[in-house]
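K.L.:
after the sequence you'll find the predicted model.
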Amino acid sequence: MTFNDQLLTPKAKTYHDIRKSGLSPRLLPRKPHLTVAIDALRVLEIAQEEVEEHRNNVQRRALRVFKDWCNPLEELNDVKFVRRYRISKESFRSMLDDVKFDLEHTTKRSRALLPLHQLSIALRFYACGSFQIVVGDTCGVSQATCCQVVHRVTAAICEKKDNFIHFPKIPMERHDVMRGFYDISQLPGIIGAIDGSHVLVVNPGGVTAQCFMNRKGYYSLNCQLVCNHLLLFTNMVCRWYGSVHDSRIFEESRLCRQFRRGEFKGILLGDPLDHNMAITVATVCLHNLAKRRNDPLPDEEDDGPGEEIEQPQEMNRVEADDSASSTFTADIYISY
């Protein structure tokens, strides 16, 4: 039997059989070459199946789910709305008119949030003081979206702070404030009450972390606030570490320099001197808006059986000094 006859035997019909027989593939005749090509295609098919199987086993990214947005102004009554957002519906609409142009998106892609929904998410975060992921689940958005919305709304409100926080500059405004304080305490010439308040913050870390540690043993910002006889904030400074003394904050403030230059005539009454700043300014603006509109305080009673109200978390609660709500003492700052 010749060499070619040996290659064409039934035992040598495939490429693998020829390799096992010890023969060189280069010596294959034309017909075994066709068999080799078919075997190569089969190998490629098997490899492709293995790749597809591996891709199916890899965990893929979850598909986006778009939820129907609800309007809290329509879904909640007045009492429940105040309990959840700490302001009335009228104040909510007024604030929405002020910031809606800053909150509108340039595109409607991916069902972009409307200004109404953005403001409701941010106010919910301010009011309950919970974690962003909890607020996001309550409002139907992710934690990342909740974070972006809070920063966006906070920046928009802070840009309008001069509409809500301003010190009495004209004589008529100062006269009204002095008259109001005199009716309360029989002390003449008072145009404001000043005090400091510590706002809790998370440990920022880094080399300056200890600067945020106040005398009470926790990390905070020391904010200087001035209010009038109607409990409206007229001036605030919230950029100092919790370890900074109240006296230094006042000495370094613009308000102190204005008093020394004689721009304001009157007395400031206060206690004896011994991503958070922007949120503090925003909440002060909301406080003044609610006070001007005489919004009712939320009722502490439960809404009804089976309904739970989120409790404020420690990290977002504003803790005032021990004497912040007490009567002011007779220590004063007098303009030079």
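P.N.:
Everything's here; your move. Residues are numbered from 1 along each chain as shown.

K.L.:
what about this protein, any weak spots by pLDDT?
P.N.:
Residue ranges of the chain with pLDDT under 70: 1-38, 54-69, 271-277, 299-336.

K.L.:
ranges for the strands of it?
P.N.:
Ranges of strands in the chain, per DSSP state E, are 190-200, 220-227, 233-241, 267-270, 318-320, 331-334.

K.L.:
any idea which of those gets closest to residue 89?
P.N.:
Closest to residue 89 of these, according to CB to CB: strand 233-241, at 22.7 Å. Just so you know, the C-beta spots here come from the backbone N, C-alpha and C atoms, and that holds for glycine as well.

K.L.:
partners of the closest one, with directions?
P.N.:
Strand 233-241 sits in its sheet next to strand 220-227 (antiparallel), going by DSSP bridges.

K.L.:
about what we covered before: now the strands of the chain as JSON lines including distance to residue 183 and mean neighbour count?
P.N.:
Output for the strands of the chain, formatted as JSON lines (distance: least, CB to CB, whole Å; neighbours: other CB atoms under 10 Å):
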{"stretch": "strand 190-200", "distance to residue 183": "11", "mean neighbour count": "22"}
{"stretch": "strand 220-227", "distance to residue 183": "16", "mean neighbour count": "22"}
{"stretch": "strand 233-241", "distance to residue 183": "18", "mean neighbour count": "19"}
{"stretch": "strand 267-270", "distance to residue 183": "14", "mean neighbour count": "22"}
{"stretch": "strand 318-320", "distance to residue 183": "24", "mean neighbour count": "15"}
{"stretch": "strand 331-334", "distance to residue 183": "18", "mean neighbour count": "13"}
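
K.L.:
out of these, the one nearest residue 87 is which?
P.N.:
strand 233-241 (15.2 Å).

K.L.:
export that closest one as PDB, just CAs?
P.N.:
Output of strand 233-241 as PDB, limited to C-alpha atoms (Å, rounded to 0.1, in the frame of the first residue of the first chain):
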ATOM      1  CA  PHE A 233     -32.000  86.700  61.000                       C
ATOM      2  CA  THR A 234     -30.400  89.900  59.700                       C
ATOM      3  CA  ASN A 235     -26.700  88.900  59.500                       C
ATOM      4  CA  MET A 236     -24.700  85.700  59.700                       C
ATOM      5  CA  VAL A 237     -21.100  84.500  59.400                       C
ATOM      6  CA  CYS A 238     -20.700  80.700  59.000                       C
ATOM      7  CA  ARG A 239     -17.100  80.200  57.700                       C
ATOM      8  CA  TRP A 240     -15.200  79.700  61.000                       C
ATOM      9  CA  TYR A 241     -13.900  76.500  62.600                       C
END
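
K.L.:
just want the angle from that strand to strand 190-200.
P.N.:
Interaxial angle, strand 233-241 versus strand 190-200 (axes from the mean of the first three to the mean of the last three CA atoms, to 10 degrees): 40 degrees.
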